[in-house]
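Novice: have a look at this prediction, sequence included:
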Amino acid sequence: MANALTAGVQRATTWSIVLSVLMIVTGILAIMLPIMAGIAVTAIVGWLLIFSGALHLAFAWRGGHASAIVWELLLGVAYGVIGFYVLANPVAGLASLTIAVAIYLFVEGVLEFVLSFQLRPAPGAGWLLVDGIITLVLAVMIWRTWPSSAAWVVGTLVGISMLFSGITRLMLSLAVRRLVA
């Protein structure tokens, strides 16, 4: 029984290691080719918007009230139109995503900054302050260089995220493998 469990863990960690390496390679490619990665992300967002629009249209008929049905129909049409626009104009969609990322990072940075002061007596609260400052600086850098930053921001950030997720997954998989071996 223990050998079957060990073999199963070995097989699972092997697949996890393979997927981790693929994620690392894909992350590096996204960092090296940020425009292509950004447009790929934009296309995915466009399809997700279309899918969400279709779901809103499908669920509109379950709204019950006339105002709920109209709202769902309007949301469904808006999502669908925006999704088709993003797919038809990926560069404009990428620029929109970039400004959305800058706004998101700005809000996140402000919230982390405020939270760091609220948790100031707690150990490690200084790290929240550092994280908030770095996030705010990144948001301002993106904002100040927009729209030219649209060419690199989304693809680079997705690539960095994939790279570090792949490294983390790889390290966890190797640790599990060492525990079982």
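Specialist: Structure's in. What do you need?

Novice: can you list the low-confidence ranges for this protein?
Specialist: Residues of the chain that meet the criterion pLDDT under 70 lie in 1-2, 5, 63, 181.

Novice: can you do 50?
Specialist: Within the chain, not a single segment meets pLDDT under 50.

Novice: which residue ranges of it form helices?
Specialist: 2-32, 34-60, 66-88, 90-118, 125-145, 153-180 (DSSP state H).

Novice: the third one packs against which elements?
Specialist: Spelled out, that is helix 66-88. Helices and strands touching helix 66-88, by 3 or more CB pairs under 8 Å, 6 or more residues apart in numbering; DSSP states H and E, are helix 34-60, helix 90-118. Using the backbone N, CA and C atoms, a C-beta is placed for each residue, glycine as well.

Novice: mind putting these into TSV with mean neighbour count and distance to T168?
Specialist: Below are the helices and strands packed on helix 66-88 laid out as TSV (neighbours: other CB atoms under 10 Å; distance: least, CB to CB, whole Å):
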stretch	mean neighbour count	distance to T168
helix 34-60	17	19
helix 90-118	17	20
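
Novice: check contacts around the closest residue to G93 other than its chain neighbours.
Specialist: Closest residue in space to G93, ignoring its immediate chain neighbours: V86 at 3.6 Å, by CB to CB, 6 or more residues apart in numbering. Counting by CB atoms under 8 Å, 6 or more residues apart in numbering, V86 touches 42-43, 45-46, 49, 92-93, 96.

Novice: no more questions from me, cheers.
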